[in-house]
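would you be able to build a 3D model of this:
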Amino acid sequence: MTPGCPPEFVALAHRLADAAGEIARRHFRTRLAVDTKPDHTPVTIADRDAEAAMRELIAREAPGHGVFGEEHGSTRTDAEFVWALDPIDGTKAFITGLPTFGVLIALTRAGSPVLGVIDQPVSRERWIGGPGMPTTLNGRAARVRDCPGLAQAVLYATTPDMFQGGDLAAWDRLRGRAALTRYGADCYAYGLLAAGFVDLVVEANLKPYDYCAPAAVALGAGGVATDWAGAPLGIASGSRVVVAGDGRAHAEALACLRASA
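Predicted structure coming up:
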């Protein structure tokens, strides 16, 4: 294992995904009450209970670790190890019965992701990996594919609505140069990138629990993960990300995003 991620924490990450996934499956395609959070995004009992289950495991098995979660806030974020948890990334997909949501689990050390999990509980696909720990998909090696540039790239974002103002103009430039642009896969798009079926995922308006796990998974699969300025992603990064399977496509995407209109 990588020096940044002791093996017992890899095992714990699997248990966290098991616990959250069981809760997600129990509620998937049932008649759930949907609440609206202050940021106008939906939340259900599945989101809240899945995160609570993961936090309980962390408190019991790694009590000195911090947690930065979407539904239940942050604790001990100044700790050396901090878990970034999104119990159901893609709640809009979840509540409409679409199995592209996922459980996102990242372990950061001194602010940088050292381990990431993307778990799709319905299809039972689990990507796990990080810097120095090759990514696997259900135990088999996952690897990004070659992509020399935007003209050959399959590009994903969750929704065009996440881009506002200058970000929207930059996004429009980028998608205009990509071979194919698709929307709506949420975190599943990053798993497809790590498996060699997607070349770029570019997004904005995200939180660390949205991107730390996908970044680690992509890095472990041989990819590149940065913000729009080209800086490595960490728990203190901003809200905009560029994740690519090939460094050449990544560099061209960054240049396109930075270009003046």
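
which helix or strand contains the spatially most central residue of the chain?
The centroid of the chain falls nearest to P214 when counting by CA atoms, centre = their mean (3.4 Å). Remark: P214 resides in helix 208-220, with elements defined by DSSP states H and E.

for L193, same thing?
helix 188-194.

list the contacts of that helix.
Contact with helix 188-194 is made by 90, 100-102, 118, 120, 125, 127, 129, 135, 137, 142-144, 156-158, 182, 185, 198-201, 214, 217-218, 220-221, 223, 243-245, as judged by CB atoms under 8 Å, 6 or more residues apart in numbering. (C-beta placed from N, C-alpha, C; glycine too.)

what comes up buried for stretch 100-112?
For stretch 100-112, burial by neighbour count (16 or more other CB atoms under 10 Å) applies to T100, F101, G102, V103, L104, I105, A106, L107, T108, R109, S112.

beta partners for the third one?
So the one you mean is G102. Per DSSP bridges, residues listed as beta-bridge partners of G102: D89.

ranges for the helices of the stretch 51-200 of the chain?
Secondary structure of the stretch 51-200 of the chain, counting by DSSP state H, counting those that start in this stretch: helices at 91-95, 166-177, 188-194.

beyond the helix holding P214, next helix or strand please.
Past helix 208-220, the next helix or strand by DSSP H and E is strand 224-226.

in its sheet, what does the helix or strand just after that following strand sit against?
For strand 224-226, the following helix or strand on the C-terminal side (DSSP H and E) is strand 241-244. Using DSSP bridges, the strands paired with strand 241-244 are strand 200-203 (antiparallel), strand 224-226 (antiparallel).

list just the one of the ones you listed that sits closest to A178.
strand 200-203 (7.0 Å; CB to CB).

buried residues in the closest one?
Neighbour-count burial for strand 200-203, counted by 16+ other CB under 10 Å, picks out L200, V201, V202, E203.

coming back round to it: with adjacent residues omitted, what lies nearest to the residue nearest to the centre of the chain?
Among residues not flanking P214 along the chain, Y190 sits closest, at 3.5 Å (CB to CB, 6 or more residues apart in numbering).

related to what we said a few turns ago, among the contacts of helix 188-194, the buried ones, what's the PyMOL command?
Only the buried entries of the contacts of helix 188-194 go into this PyMOL selection, using 16+ other CB under 10 Å:
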select buried, resi 90+100+101+102+118+120+125+127+129+135+137+142+144+156+157+158+185+198+199+200+201+214+217+218+220+221+223+243+244+245
